[in-house]
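**Q** Sequence isn't available, so here's the structure alone:
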Ligand SMILES: [Zn+2]
């Protein structure tokens, strides 16, 4: 499914949640309960999807590509192709999701009040746990879920929306790097508190969320350190001057051998000192399948490639690779080709481990409360 040019994917394990909702209601109310369970679970997840679309559409408004939205049993995740460029962008993108739930809650509140009156709606909300599969229950369920989705996601704990809001607000004064450090510390303290609460009250789901927040915050802090370190290195310095180069008439099978032996994931294709194109691992592998190993590299290479100036930082290179969804970027000094930056060059400059740099928005844990 596609909405506003964004792929909407539903993870297979999602079926478990549907089955769970159907069983929970079906156990007490038979077939009618099963139908209600399926319908209400689908609607709850539509609210999560709208939340993610809120993030995504504001991000797209700022020119940030949105790869896809995936619905997992624990909530939705919108994958952004780049990080917000300014604190204001991060603030508005992060707020947009919870605000969608605020708007939905207001709509269900208004509708519920008009239909049931204030007393009727109050009783419906108090009865959620022990009520029957009726429209009244559904309205109460959706109202409650959206309030919880909004409030829960606004807890100021990275990587949740509220934590991003906190970081953005701190960034206005302190800069992104220090703001991330502080927000990550706040998040880990909150996560420990959440975990203690979860243990004390035997709330398994909250315990899992606390762990996700704790490690997620650690990753945000580590990512930021990586960004700080990549910013200090120029792309022109990072390229490998001894990298293997292929010719247009190199055979695919020889290119594959070179790939295995050199560990390079992409090759420049040069002819008499001029860059003709670039061929990356995936292109080589699919060319081997399509043309056979006896085909030529010229048929597999890309003639359109992302480029960056030698003076730009590795962080700029990484961002451009992310935006163009490319495993490499061509580094040039004016007209002169210098080399490629790939994951390998990025990793080399990140002490020890490779950092998967992707801005992703995880949210929507709150609704699980209803299924405890
Ligand atoms: Zn969100």
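**A** Yep, it's here. Note that this is a predicted model, so its numbers are computed, not measured.
**Q** Give me the buried positions along the helix or strand hosting residue 104.
**A** Using DSSP states H and E, residue 104 sits within helix 87-126. The neighbour-count check on helix 87-126 (16 or more other CB atoms under 10 Å) flags 87, 89-102, 104-105, 108-109, 112, 116, 121, 124-125 as buried. Placement of C-beta: from N, CA and C, glycine included.
**Q** What of stretch 285-296?
**A** For stretch 285-296, by 16+ other CB under 10 Å, it's 287-288, 295-296.
**Q** Next up, phi/psi of the residue lying farthest from the centre of the chain, please.
**A** Using CA atoms, centre = their mean, the residue of the chain lying farthest from its centre is residue 272. It sits 42.4 Å away. Taking degrees, to the nearest 10, you get phi 50, psi 50 for the backbone angles of residue 272.
**Q** Run through the neighbouring helices and strands of the one helix or strand residue 34 maps to.
**A** Secondary structure from DSSP H and E places residue 34 in helix 14-61. If you count contacts as 3 or more CB pairs under 8 Å, 6 or more residues apart in numbering; DSSP states H and E, helix 14-61 packs onto strand 6-10, strand 66-72, strand 75-80, helix 87-126, helix 135-153, strand 359-363.
**Q** Adding mean pLDDT, write the ones you listed out as CSV.
**A** Shown next, in CSV, are these (pLDDT from 0 to 100):
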stretch, mean pLDDT
strand 6-10, 85
strand 66-72, 86
strand 75-80, 83
helix 87-126, 92
helix 135-153, 90
strand 359-363, 41
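**Q** Would you format the ones you listed as TSV with distance to residue 303 included?
**A** Shown next, in TSV, are the helices and strands packed on helix 14-61 (distance: least, CB to CB, whole Å):
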stretch	distance to residue 303
strand 6-10	27
strand 66-72	24
strand 75-80	28
helix 87-126	33
helix 135-153	44
strand 359-363	30
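**Q** one step back: and which of the buried residues of stretch 285-296 is nearest residue 308?
**A** Nearest to residue 308 among the buried residues of stretch 285-296, counting by CB to CB, is residue 287 at 25.7 Å.
**Q** List the contacts of that closest one.
**A** 252, 279, 295, 299-300 (CB atoms under 8 Å, 6 or more residues apart in numbering).
**Q** try it again with 7 Å
**A** 252, 295, 299-300 (CB atoms under 7 Å, 6 or more residues apart in numbering).
**Q** what residues does the stretch 101-250 of the chain put near the ion?
**A** With CB under 5 Å from the ion as the criterion, the stretch 101-250 of the chain meets the ion at residues 153, 161.
**Q** Low-confidence stretches in this structure?
**A** Residues of the chain meeting the criterion pLDDT under 70: 129-130, 351-372.
**Q** If you count neighbours, what's buried in stretch 202-216?
**A** Under 16+ other CB under 10 Å, the buried positions of stretch 202-216 are 203, 206-207, 209-210, 212-214, 216.
**Q** Among the residues you listed, which lie within strands?
**A** The members of the buried residues of stretch 202-216 all map outside strands under DSSP state E.
**Q** Could you chop the chain up by domain?
**A** Taking automatic domain parsing as the reference, the chain has its domains at 1-153, 155-231, 235-348.
**Q** quick one: the strands in the stretch 251-372 of the chain?
**A** 266-271, 274-280, 307-309, 328-333, 336-342, 359-363 (DSSP state E, counting those that start in this stretch).
**Q** Out of those strands, which is closest to the ion?
**A** Among the strands of the stretch 251-372 of the chain, the nearest to the ion by CB to the ion is strand 359-363 (2.9 Å).
**Q** distance of the closest residue in space to residue 81 that isn't next to it in sequence from the ion?
**A** Take residue 81 and drop its neighbours on the chain: the residue closest to it by CB to CB, 6 or more residues apart in numbering is residue 65, 3.6 Å away. Relative to the ion, residue 65 is positioned 18 Å away (CB to the ion, to the nearest Å).
**Q** got it, and residue 286?
**A** 36 Å.
**Q** for the contacts of residue 287, which one is nearest residue 26?
**A** residue 300 (53.6 Å).
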